[in-house]
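Enquirer: could you look at this predicted model? Sequence included:
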Amino acid sequence: MPSRKIEDLTPGTQKKYIEFAAKMHEAGIPFMITCTYRSQEEQDALYKLGRTKPGKIITWTKHSRHTKRTAFDIAILQDGKPCWNIKADVNEDQIPDYEEAGKIGESAGLTWGGSWKSPADYPHFQNDDVAEKTIEYPTFDGNKYEIPPVTA
Ligand SMILES: [Zn+2]
């Protein structure tokens, strides 16, 4: 199962997430995390959907930043439920919440998938710091993987 835990992200990504979450709270946009870390096997299985396996295509790459622990996906919550309508405006400020979340993510130093042209990935945020990309994390084996705690 892919992870939804912040602790499974690199320390630098965790810090940016904490800033992102605080600003989302300030803006009054409820959200949940739908994915943080995903193993390469899980990414490969996703990639097969809509290609060699039946289903809708939901990813376009085998090289996801989720497997590097530097990306997370969110869902805006409407009435407590994930809402995938990119025009949703739960905090009623006339700005679509996914776009607002994108701006907030960028202000926290994250790259927002919604700013990509082909295809845009509104729920996706990633940490593009060079230092983070070069960190090699041990493979999670169920118990032994540990990440240093983050102090925000
Ligand atoms: Zn993603």
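Expert: That came in fine, so what should we check first? Here the structure is a predicted model, which is why all the values come from computation and not from measurement. Numbering: from 1, shown residues only.
Enquirer: immediately after the helix ranked longest in the chain, which helix or strand?
Expert: Ranked by residue count and defined by DSSP state H, the top helix of the chain is helix 11-27. With elements assigned by DSSP states H and E, the helix or strand that comes after helix 11-27 is strand 31-35.
Enquirer: what does that next one contact?
Expert: Residues from elsewhere that reach strand 31-35 (CB atoms under 8 Å, 6 or more residues apart in numbering): 2-4, 6, 24, 66, 72-77, 82, 101, 123. Every C-beta, even on glycine, is put in place using the N, C-alpha and C of the backbone.
Enquirer: out of these, which are close to the ion?
Expert: Filtering the contacts of strand 31-35 for proximity to the ion (criterion: CB under 5 Å from the ion) leaves D73.
Enquirer: and T70, what does it touch?
Expert: So T70 contacts L9, T10, G12, T13, Q126, N127, D128, D129, E132, K133 (CB under 8 Å, 6+ apart).
Enquirer: quick check on the residues you listed: which are buried?
Expert: By neighbour count, with 16 or more other CB atoms under 10 Å, the contacts of T70 hold L9, T10, G12, T13, Q126, N127, D129, E132 as buried.
Enquirer: can I assume the fifth one is in contact with L110?
Expert: Yes - A contact is recorded between Q126 and L110 when judged using CB atoms under 8 Å, the distance being 6.4 Å.
Enquirer: returning to what we had before: in ChimeraX, select just the buried ones from the contacts of strand 31-35.
Expert: Only the buried entries of these go into this ChimeraX selection, using 16+ other CB under 10 Å:
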select :2,3,6,24,66,72,73,74,75,76,77,101,123
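Enquirer: flag the least confident of the contacts of strand 31-35.
Expert: When the contacts of strand 31-35 are sorted by pLDDT, the bottom entry is P2 at 88.
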